[in-house]
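Novice: Predicted model follows, preceded by the sequence.
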Amino acid sequence: MSENELPTGIQIMEIDPEFRADPYPRLAELQGRCPVRHDPVLESVVLTGYEDVRATVNDRTLWRNPARGNPRALFNRMTDANADAPQSILFMDDPDHARVRGPLTQAFYRRAAKMKPQVEAVVDEVLDGLAGRESFDVIADYGVPVPILVIAAVLGIPKERLRDFREWSEGIIQSLNALRTPEQEAELVAAATALDAFFAEAMAERRKAPRDDLITDMVQLQAEGAALTDLEVSVNLQSLLVGGNLTTTDLIGNGVIAFLRNPAELAKLRADPKLIAAAVEEILRYDPPISMTGRVASRDLEIGGEAVGEKDILLNQLRAANRDPSVYENPDRFDITRKHVPHMAFGGGAHICIGAPLARMEGQAALLKLFTRFPDLKLAEQDLAYRPLPGFRGVEHLLVEP
Ligand code: HEM
């Protein structure tokens, strides 16, 4: 087979039905035959080897904002990227990235560290709502509400606004969908407009009457001299919803699938619940919610012996790296007691996921409590359909029977 016959373009994106049903064979083929691949359709460089992905995401001299890269790259053509626009740290470069991420991380980490009791209370409350059901959907009934209610608690959203907040949180996710339909675009605009107004009002209120929440932390950091505009605070509090909700939903969903398909691993967890931390790391390795993260070559460079040109977009395939057989023994096996090697599910370097500590806490509580509450949980008869959302890995529905 020539290089031209390697998987390419949308064949390695979730809009392709075969790829989204099982992305791993195509990624393994690329990794085995051409781990640094100049993809002629994506007009980007696709990286699949663990060492190359790890070195690239950790390299702080590369750029993150895709609009600084090759305008012909498929992702730039699809998203109509504008290099002057980013206000969310997700796509910012230094010096702005460090200026905004610094205070946000400081406030968020401090708050996340205190969240364990609240995370457990949210999980218990959502589980209570499932009592007596003959079947339920792990995604809609469990994986979606848990992260939204947790982030609402972090932000200090009052109870009477929770229903609105849930709706906006689901709408804002569309910002990650490069192939939005006009209806989804309208949903996104409505959610972003409502959230902007909500945060502007909440920040003004917190300045007058501080509370014990992240919105208060952010306005206090501004008052102490952090160079952040109100719009940057608002957009980046919204980034927590964009970056954190669906990903955590899918951590829970992918974890339930992995355990119910591998009963011996579930038996290990039941015998020793302390394994939950290692189990969540293994889920993040084995079937991570985010498929890839991008970087832009800030100069001509060499990766894995291949020349890469300045402005080339580098698509780091986190899932492929996580199953690199030169790093993980039997990489396609779900094994919660495997020897730990850091996975790439949270990316790395300057942009490493801010929410990782909270996501881990939520994943551990949600999975352990679910399997404890429902000791006979099993998958219902169904065809699992993975979401056609580029860059994400998670099922639309996951029906189980207690
Ligand atoms: C299992 C759940 C999660 C996964 C798999 C995940 C994965 C990722 C990945 C791959 C990145 C890009 C890192 C890079 O480019 O190197 C990222 C960035 C980010 N994540 Fe997460 N994430 C998760 C949960 C969360 C949560 C719970 C939050 C917030 C509450 C969050 C907020 C963010 C933010 C704000 C960024 C942008 C950081 C930056 O660019 O500086 N994530 N995440």
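Specialist: Thanks, I have it. Not measured: the values here are computed from a predicted model.

Novice: Would you point out which residue is most central in this protein?
Specialist: Centroid-nearest residue in the chain, with CA atoms, centre = their mean: Thr247, separated by 3.8 Å.

Novice: Asp312 and Thr229, how far apart?
Specialist: Per CB to CB, to the nearest Å, Asp312 is found 32 Å from Thr229. For the C-beta atoms, the positions are set from N, CA and C on the backbone; glycine is no exception.

Novice: What is the neighbour count of the nearest residue to Gln364 once chain neighbours are set aside?
Specialist: Spatial nearest neighbour of Gln364, excluding adjacent residues (CB to CB, 6 or more residues apart in numbering): Ile276 at 4.8 Å. Residues within reach of Ile276, counting by other CB atoms under 10 Å, total 19.

Novice: Now do the same for Ile276: its pLDDT.
Specialist: Looking at Ile276, its pLDDT stands at 98.

Novice: And for Asp80?
Specialist: 55.

Novice: Equivalent analysis for the one 3 residues further on, please.
Specialist: Each residue has a pLDDT score; the one for Ala83 is 50.

Novice: Which residues of the stretch 51-200 of the chain lie near the ligand?
Specialist: Contact residues (CB under 6 Å from any ligand atom) of the stretch 51-200 of the chain with the ligand: 57, 89-90, 101, 151.

Novice: still on that earlier bit, phi first, then psi, for the residue nearest to Gln364.
Specialist: phi -60, psi -40 (degrees, to the nearest 10).

Novice: Contacts only, for the closest residue to Pro357 other than its chain neighbours.
Specialist: Spatial nearest neighbour of Pro357, excluding adjacent residues (CB to CB, 6+ apart): Ala112 at 5.0 Å. Neighbour list for Ala112: 154, 355, 357-358, 361 [criterion: CB atoms under 8 Å, 6 or more residues apart in numbering].

Novice: Repeat the analysis, applying 10 Å as the threshold.
Specialist: 119, 150, 154, 214, 354-361 (CB atoms under 10 Å, 6 or more residues apart in numbering).

Novice: ditto for Leu30
Specialist: 6-8, 12, 36-37, 39, 46-49, 317, 320.

Novice: swap in Arg133?
Specialist: So Arg133 contacts 141, 374, 400-402 (CB under 10 Å, 6+ apart).

Novice: Please produce JSON lines containing the residues of the stretch 51-200 of the chain next to the ligand, extended by pLDDT and secondary structure.
Specialist: Output for those, formatted as JSON lines (pLDDT from 0 to 100; DSSP: H, G, I helix; E, B strand; the rest coil):
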{"residue": "Val57", "pLDDT": "98", "secondary structure": "helix"}
{"residue": "Ile89", "pLDDT": "91", "secondary structure": "helix"}
{"residue": "Leu90", "pLDDT": "88", "secondary structure": "helix"}
{"residue": "Arg101", "pLDDT": "96", "secondary structure": "helix"}
{"residue": "Ile151", "pLDDT": "93", "secondary structure": "helix"}
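
Novice: Which of those ranks first by neighbour count?
Specialist: Neighbour max across these (other CB under 10 Å) = Val57, 27 neighbours.

Novice: helices and strands around the lowest-mean-pLDDT helix or strand in the chain, which ones?
Specialist: Using mean pLDDT, DSSP states H and E, the weakest-scoring helix or strand in the chain turns out to be helix 74-79, at a mean of 74. With contacts taken as 3 or more CB pairs under 10 Å, 6 or more residues apart in numbering; DSSP states H and E, helix 74-79 sits against strand 44-47, strand 313-317.
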